[in-house]
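Peer 1: Need the 3D shape of this:
(one chain, ligands or ions: 1)
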Amino acid sequence: MHVIGGTASTALAERVSRELGNAPFGIPFTKRFPDDEMYVRVGGRLEGEDAVVVQSTRTDSDVLELMLLADAVREAGARRAFVVVPYFGYARQDRRFFPGEPVSARTLCRHIELDADAVVTVDLHSSQTLTHFTKPAYEASGIPAIARLLKERPIDVLVSPDKGGVDRVRRMAQLLDKPWFALEKRRIDSEHVELAMPPTLPIPIEGAHATIVDDVISTGGTIVEAAKLLKKRGAIGISAACTHGLFLKDAFERIKAVVADVYSTDTLGNPAEKASVAPDIAQILERLVAV
Ligand code: R5P
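Peer 2: Numbering: from 1, shown residues only. Got it, this is the predicted structure:
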């Protein structure tokens, strides 16, 4: 299996290749033409081989690069081409909220799978998105990677900032053997949220070490409000953990002002990247190549 690391995921791709027993790893050549069109070229002898392209799709340019790389791998004669999208952009527009909108997540699935024999991604905003792929598609979880990291940290309770994150926080709670609860969240706009405590709590929050668990930290608004609320109720040593750390603008600094620690996986490069999903991705790839 040849591992090809796109510009959005070079470091993680290299970690995946190591997890696959030092599988051949390559960084494609990329450049822009004078008119700004993208050019990519993959190296190595891929003829008759299995190959995997690893590329998060945080920006539109990342999406295009992924599609070009998958095509290049096919052109190079790969036997099977797999695509790993550690952070799947546009996943939050997974339905039509207002008339006239697209289901952007579905559009991405259709295009990303074009040259792929199978797709692997990590913690989608909603696992339902997998149903939009017509090729075999798998979702790794960032939760075990974060749990491996949090094992030795002082934590009394895990908190999801919203009901949508209940499955995630429950899974983390099982792995760490801790109680959990979910806050009640109302989104005001793309940067502001309103949060409230649930009517009942599994343990008293006064004096408790609380860790907030989310799939994505984007503007940081959710984590900042959640941390403020928990602090107001007497929680101490508040920390925040996520699979995908976007940390837009000054999000990281704003979060660090209200929490003791921030943890993220390496699906995106960021200052909180402390856990790797490489073993979890490699495990799925190993199953795919064994077929
Ligand atoms: C929303 O449903 C997600 O799970 C996250 O809570 C959200 O994307 C975080 O965004 P932000 O950091 O901008 O509050």
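Peer 1: report the longest helix in the protein, please.
Peer 2: Scanning the chain for the longest helix, with DSSP state H as the assignment, gives helix 60-75.
Peer 1: which residues touch that one?
Peer 2: Contact partners of helix 60-75, identified using Cβ atoms under 8 Å, 6 or more residues apart in numbering, comprise 4, 6-8, 28, 30, 38, 40-42, 46, 51, 53, 55-57, 81, 83, 85, 89, 108, 111-112, 114-116. Where you see a C-beta, it was placed from the backbone N, CA and C, and this is true even at glycine.
Peer 1: pretty sure Val289 is touching Gly21, no?
Peer 2: No - the pair Val289 / Gly21 is not scored as a contact, 11.3 Å apart, by Cβ atoms under 8 Å.
Peer 1: Just want to know which of those two has more residues nearby.
Peer 2: In this view Val289 and Gly21 are compared by other Cβ atoms under 10 Å, and Val289 has more residues nearby, 13 against 9.
Peer 1: who's Ala275 bridged to?
Peer 2: Thr265 (DSSP bridges).
Peer 1: how about the residues of the stretch 51-200 of the chain that lie near the ligand?
Peer 2: Counting by Cβ under 6 Å from any ligand atom, the stretch 51-200 of the chain comes close to the ligand at 161-162, 164-165, 193.
Peer 1: Adding neighbour count, pLDDT and secondary structure as columns, could you present those in TSV?
Peer 2: Shown next, in TSV, are these (neighbours: other Cβ atoms under 10 Å; pLDDT from 0 to 100; DSSP: H, G, I helix; E, B strand; the rest coil):
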residue	neighbour count	pLDDT	secondary structure
Pro161	26	97	coil
Asp162	18	95	coil
Gly164	14	91	helix
Gly165	21	93	helix
Val193	20	89	strand
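Peer 1: JSON lines for those, including distance to Asp123?
Peer 2: Shown next, in JSON lines, are these (distance: Cβ to Cβ, whole Å):
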{"residue": "Pro161", "distance to Asp123": "15"}
{"residue": "Asp162", "distance to Asp123": "15"}
{"residue": "Gly164", "distance to Asp123": "12"}
{"residue": "Gly165", "distance to Asp123": "10"}
{"residue": "Val193", "distance to Asp123": "20"}
